[in-house]
Every structure is written in structure tokens, then in C-alpha cells.
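J.: Sharing a model that was predicted from the sequence below.
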Protein chains: 2
Amino acid sequence: MSAAAGFAPRRDEPLFGRLAIIGIGLIGSSIARAAKELNLAGHIVLADRDEAVRRRARELDLGHEIAESAIQAVQDADLVILCVPVGACGPLAQEIADALKQGAILSDVGSVKHAVVEAVAPHVPAGVHFVPAHPVAGTENSGPEAGFPSLFLNRWCILTPPPGTDEAAIARTRRFWEGMAAMVEVMGSQHHDLVLAITSHLPHLIAYNIVGTAEDLGQVTHSEVIKFSAGGFRDFTRIAASDPTMWRDVFLANKEAVLEMLGRFNEDLAVLTRAIRYGDGETLHKHFTRTRAIRRGIVALGQEKAETEKLKQG
Amino acid sequence: MSAAAGFAPRRDEPLFGRLAIIGIGLIGSSIARAAKELNLAGHIVLADRDEAVRRRARELDLGHEIAESAIQAVQDADLVILCVPVGACGPLAQEIADALKQGAILSDVGSVKHAVVEAVAPHVPAGVHFVPAHPVAGTENSGPEAGFPSLFLNRWCILTPPPGTDEAAIARTRRFWEGMAAMVEVMGSQHHDLVLAITSHLPHLIAYNIVGTAEDLGQVTHSEVIKFSAGGFRDFTRIAASDPTMWRDVFLANKEAVLEMLGRFNEDLAVLTRAIRYGDGETLHKHFTRTRAIRRGIVALGQEKAETEKLKQG
């Protein structure tokens, strides 16, 4: 923990009495570490359907308690966060619904929001506040060991509460994420899915695809692809190392938006392909010049450290 | 310089008497810094057709001398390295041909090799050794300020000498790059272009394309794309910030191999697209799982630091 010590102020009084985290992967274990270190919850209980993961979580001393089941974990919880693949949120919500405490806040961390709202909302009991969330943060690593408390530092967390959601519940969820040093934004679930389709889902699909293409090449050996990956390919492989189950669910759950972005991507790629085929250097140069602006915006916004890049690629 | 001090041993005796670097950009200025710091050449002279760049090079104290012209720079040079965009190598070689010293080594740093060999070779005088080179290293930054001496540390430099090239000249060129802490590999120019088409050229084209697609979206604002770029898009923007002129030339010069890789990429993407459209989660999961292996290979080979990733994305 010491590595991340002081990345955010520790609270004197916890925000929530009991926090239940269902699903102990990269995100779930990171929330547990941050919430414990920063005193965001008085008692933190985690659950995972995988017995081996529960054992690992105990060895890692995550939270204050590892429950045997999701239903046990959510008993009397003031905040319940579902940290499971998008496709598992609906069934899980149905499973724990009757065990949720009146006045509790139910949230998640799914990368797709509209499908999660549609799958979870019907199971949310009256008197329980559903505040969907998506922390836009991650690494190429998965599992309880992969998490670390500062994962959300300076990262955005998008809340997509359905119309009519209790404002106080939204405010408390916002404070919880801001307590982990994240920046919070609120938007509609469908708009979220459109924004993430281009900023995250399409990039992941493209990266998974190009790495697959490279693996199938006959003329270029596997070791050559690895050796000379510093030329650009390397960055795609990191993205293409993300959790397969999580991403399968993302693409199935955000199908419409992803297919829409794929269509635009293919049209644009056809233009560049044609410019290459016919030796139209002017079209290429014009395109390559305008794409520099958006990069400058990202570095300026502190979402990226140019120096890190220099060292990394150098 | 201190930042890079000690990244490689300094030679007591220089490898070359006079080194001429034509083109003072990221690569040219990095070679000048490394060669001077590590004593790889007794006298280092640089030239650039842009007067403003020459002035900047003097202010940065690059090398030992800034010549007014390429012809002046290559006088009596034992090693001449063309550090200009691929498309400029042929004309430049023709311009300096008569000024090259007998026994000199002529090299370059182009990201495409076969087209460079075809454009430069006809101009190389008898008694001058042509040893094409491609250091697989770079950053998103361009220009004389962007260079740094450790840019080639633990990076590959590929030599593609035409059949019959003097072995001693190849060996000296290898020692020069190994002197800058690079790892050297020798292969045919056409095979090089195929390897780089998939490990570098296609990734750059895809990145340039997706960033352009994002910029044209009506429903998602420019600032939203920037704010939520940590979900994967960010890595593409770095690649898409690379020098437009250099990359225009790369795609025009390696057209056949790039179009071939684009064809395979599109076929593979069609399969994933179809799987998404028809909800075929098994095909997606299978694909996303196998792409993890190549990432592990890259991290294992030390071409990437997993920890850097964690901090960067975290």
C-alpha cells in the first residue's frame, strides 16, 4: 500500500458504514484497497463466486471480510458495487435483490451502461437507489493481485443514473469516487455508450484485430513481430491483453454503437487505403496533420504524460 | 545530457574519424547527441536544408559543426547518415554523390528499406559502401529539440545491405549502432518492409484513421473524446501524433506490403464485426484470449515494461 500512500487524503469519518464489493478482479480489488486506505467505508466486505479468488483475497487481506456469497455480502450494506462483467450484472442483481437494505445504494463499474441499466433496473427493490457508474481506468492486468489503490487517481468516473434517481444518492456516490481521487461526470446511459464506443470499445476491437492479424502471418515470424514491436504494434498488444470475458460482454452489450463506429471507421479507412494505392500523398499528409491536434489536447489535459512516452518509446 | 549519462560505455578511441548527419530531426539529433557523448566519431558535422533548423542545432550545440549544405557536410566523412524522410533519400544521394569520399560508408535511417535501396543505390559511386539502416525507435515528438542520446537504448536497428556489400563496412556500421546501445539485426530489404508493414506501418495507419474518425463525430464532442481517452483511445493518439511528412513517405514507399496487410486486417475485422452483429460471444472470446500470448512475449523480451503500463494507465 505504501507505494500509493498519500495519493489522496484519508477521511476521519467514513462515507459509508458498510461497503459490499461483488466480484474481486482488477477494479473490485482496487476499490477495496482504496476504500480501506482512505477510510471511505467503516466495514468493507467482498464476495466472489470463485472460491480460489476468495482465498487469494483473504491472503491479500483485501477489505475487512470475505463473504461466502453475494447475498451474505450485501446484508446491511449501505453501498453495493457490482464489479463483474457487464453480462453478469442482471442475473447478479436478481440474485441479491431481496437481500438489499432499504435506502442502500446499488452501483456497478460496467464499461457499458445502457444495457446494464436495462438488465439491472427491473430487479432494484423500491427504496434502493440504483446509481450506475463507470470508472474509465484500467490496466492490461486482471485479477485480485492486479489491483492497486491509486488506479482511479485523476481518472474519470461516469455516473449514468436513470431519470428520477434520488439526488442525495447520486451525490454520495459522487463523493465516494471523488474520495478515491477520481473526477466524476454525470450523463445519460446511451450517450455514455456512444462516447465509450469511440474512445474505448472501437480501439480495443481494432487492437484485438490487428494483433490477431499479425499472429496469422506466414511470411513474418512470431518472434519478428515481438522483436520489432516498438515501431507501434507494441501499444496495440497492451490493449489486446485486456480481459477477454469483460470485453466479449462489452461488445455484445454495446453492439449498436460499436457497429456504428465500425462503419465510420471503415469508410475513413477506405479513403486512406485508396490514397495509398493511387499515391495521393497530399490526402495522406493532410489527414496525418489534423490528427495531431487531439493528441495535444490529451497531453494538455493531463490525461497523459508526454515525458513518460518519451522514456517509454525511447 | 546528464539524464542519459552512463546508458552506454564511452569509447576511448572513436569508431569513425568524421561523421556526417544530413537532416536534423528526432533521429538525426539523437544520433548526434549519442555519438558525441559516447565518442563514436572524432568530428561530427550536421546539415539541414532548413536554415531555422541549422540555427536551432547550433543553439543546442549538436555535434561539433553545423554545415551550410549537405555537400559541405559529407566532405571527407567516413560515415554519412541520411536522416531525412524516405522520399528525400534518392534526390539527396544524387546531390552528394560526387562529394563522397572513397571508402566512405553511406547509410540512412528510413522506415522503409527496399524503396530507399532502389532510389539510392544507383547514385552510390564505386568505392563507397552503402549500408541501409532502420533504427526501430521513436517518440511522438519531432525536430532537433526532440532528440536524446538514449533513444536507441535496447531498441533494434535493422541493416539491409544489398547483396555483395563489403562485409567490413557492414561490421563497422553494426558496431556504430551497438555503440549507441542498440541491438542489430541484418535482413533483406523486402523482408524488412513486410515485417515493418505489420509491426509499425499498419498500426500507424489504423491509429491515424481512428483518431480522424473520432474528430468527425457529431454526437460526441471533441472534449469528450479527449476527457475519456484513457479507455484505450489515448494510446492511438500518441501514434497518430507522429511526423506527417515522414509517414506520408512511408506509406507511399511501402505501398504493396501495406496494402497486403490492410487486406488481411480487413478480412479479420469483418469476422469480428459479424460476431458482434450476430451476438457470437464464443468467437469473440476465443479471439481475445489468443491475442494475450503475443503481449506476454513482448514484456518478457524487455521491449516493454509492464510496470510503466500500470503507472501510466493507473
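T.: Right, received. Where do you want to start? Numbering: from 1, shown residues only, chains lettered A, B, ... in the order given.
J.: Determine the three-state secondary structure at residue A:13.
T.: Local secondary structure at residue A:13 is given as coil here, using DSSP: H, G, I helix; E, B strand; the rest coil.
J.: What residues does it make contact with?
T.: Applying Cβ atoms under 8 Å, 6 or more residues apart in numbering or on different chains, we find residue A:13 in contact with residue A:39. Backbone N, C-alpha and C define where each C-beta goes, glycine included.
J.: Which parts of the stretch 51-200 of chain A are strands?
T.: Taking DSSP state E, counting those that start in this stretch as the test, the strands found in the stretch 51-200 of chain A are A:65-66, A:79-82, A:105-108, A:129-130, A:133-135, A:156-159, A:183-186.
J.: and of these, who's closest to residue B:23?
T.: Proximity to residue B:23, assessed across the strands of the stretch 51-200 of chain A by Cβ to Cβ, is greatest for strand A:156-159 (40.8 Å).
J.: what lines up beside the closest one in the sheet?
T.: strand A:133-135 (antiparallel), strand A:183-186 (parallel) (DSSP bridges).
J.: Adding mean pLDDT and distance to residue A:88, write these out as a markdown table.
T.: Shown next, in a markdown table, are the strands paired with strand A:156-159 (pLDDT from 0 to 100; distance: least, Cβ to Cβ, whole Å):
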| stretch | mean pLDDT | distance to residue A:88 |
| --- | --- | --- |
| strand A:133-135 | 98 | 15 |
| strand A:183-186 | 98 | 24 |
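J.: Residue A:19 versus residue A:103, what's the distance?
T.: 14 Å (Cβ to Cβ, to the nearest Å).
J.: let me fix that: residue A:8
T.: 16 Å.
J.: With neighbour numbers in mind, choose between these two.
T.: residue A:19 (28 against 20; other Cβ atoms under 10 Å in any protein chain shown).
J.: Tell me if that one really is in a strand.
T.: Yes: looking at residue A:19 with three-state DSSP, it is inside a strand.
J.: surely it meets residue A:43?
T.: Yes: under the criterion of Cβ atoms under 8 Å, residue A:19 makes contact with residue A:43 at 7.2 Å.
J.: Around residue A:213, count how many other residues there are.
T.: Residues near residue A:213, counting by other Cβ under 10 Å: 21.
J.: can you pull the contacts of it?
T.: B:198, B:202, B:261, B:264-265, B:268.
J.: Need the residues you listed in CSV (columns: neighbour count and secondary structure).
T.: Shown next, in CSV, are the contacts of residue A:213 (neighbours: other Cβ atoms under 10 Å in any protein chain shown; DSSP: H, G, I helix; E, B strand; the rest coil):
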residue, neighbour count, secondary structure
B:198, 28, helix
B:202, 25, helix
B:261, 25, helix
B:264, 17, helix
B:265, 21, helix
B:268, 20, helix
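J.: closest to residue A:124 among those residues?
T.: residue B:268 (40.4 Å).
J.: can you tell me which residues contact that closest one?
T.: Contacts of residue B:268 (Cβ under 8 Å, 6+ apart): A:209, A:212-213, A:216.
J.: Need the pLDDT of residue A:306.
T.: On pLDDT, residue A:306 comes in at 48.
J.: Please apply the same query to residue A:229.
T.: 88.
J.: just checking, it touches residue A:237?
T.: Yes: contact criterion Cβ under 8 Å: residue A:229 and residue A:237 qualify, at 6.6 Å.
J.: Residue A:92: neighbour count?
T.: Residue A:92, neighbours per other Cβ under 10 Å, totals 21.
J.: meant to ask about residue A:162, not that
T.: Neighbours of residue A:162 (other Cβ under 10 Å): 15.
J.: Kindly report the same for the one 5 residues further on.
T.: For residue A:167, the tally of surrounding residues (other Cβ under 10 Å) stands at 10.
J.: For chain B, what is the nearest residue in the stretch 201-314 of chain A?
T.: Chain B sits closest to residue A:231 of the stretch 201-314 of chain A, with a gap of 2.9 Å, by Cβ to the nearest Cβ.
J.: How many neighbouring residues does the residue nearest to that residue when sequence neighbours are not counted have?
T.: Nearest residue to residue A:231, sequence neighbours excluded (Cβ to Cβ, 6 or more residues apart in numbering or on different chains): residue B:200, at 2.9 Å. Residues lying near residue B:200 (other Cβ under 10 Å) number 26.
J.: quick one: contacts for residue B:200?
T.: Here residue B:200 is in contact with A:228, A:231-233, B:111, B:136 (Cβ under 8 Å, 6+ apart).
J.: of those residues, closest to residue B:191?
T.: residue A:228 (11.3 Å).
J.: Correct me if wrong: that closest one contacts residue B:136.
T.: Yes: taking Cβ under 8 Å as the definition, residue A:228 is a contact partner of residue B:136 at 5.2 Å.
J.: what is in contact with those two at once?
T.: By Cβ under 8 Å, 6+ apart, the residues touching both residue A:228 and residue B:136 are B:156, B:158, B:196, B:199-200.
J.: Considering these, which possesses the most neighbours?
T.: Ranked by neighbours (other Cβ under 10 Å), the shared contacts of residue A:228 and residue B:136 are led by residue B:196, which has 28 neighbours.
J.: mind checking how far that residue is from chain A?
T.: 6 Å (Cβ to the nearest Cβ, to the nearest Å).
J.: what about the helices in chain A?
T.: Taking DSSP state H as the test, the helices found in chain A are A:26-37, A:51-59, A:70-74, A:89-96, A:114-120, A:167-179, A:189-196, A:202-215, A:222-227, A:233-239, A:244-253, A:255-277, A:281-300, A:306-313.
J.: With distance to residue B:84 as added columns, please give these in TSV.
T.: TSV is the format used below for the helices of chain A (distance: least, Cβ to Cβ, whole Å):
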stretch	distance to residue B:84
helix A:26-37	45
helix A:51-59	55
helix A:70-74	62
helix A:89-96	55
helix A:114-120	51
helix A:167-179	50
helix A:189-196	41
helix A:202-215	29
helix A:222-227	26
helix A:233-239	25
helix A:244-253	42
helix A:255-277	21
helix A:281-300	15
helix A:306-313	21
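J.: which stretch in those has the least confidence?
T.: Minimum mean pLDDT among those: helix A:306-313, a mean of 39.
J.: returning to what we had before: anything in contact with each of residue A:229 and residue A:237?
T.: Counting by Cβ under 8 Å, 6+ apart, the residues touching both residue A:229 and residue A:237 are residue B:298.
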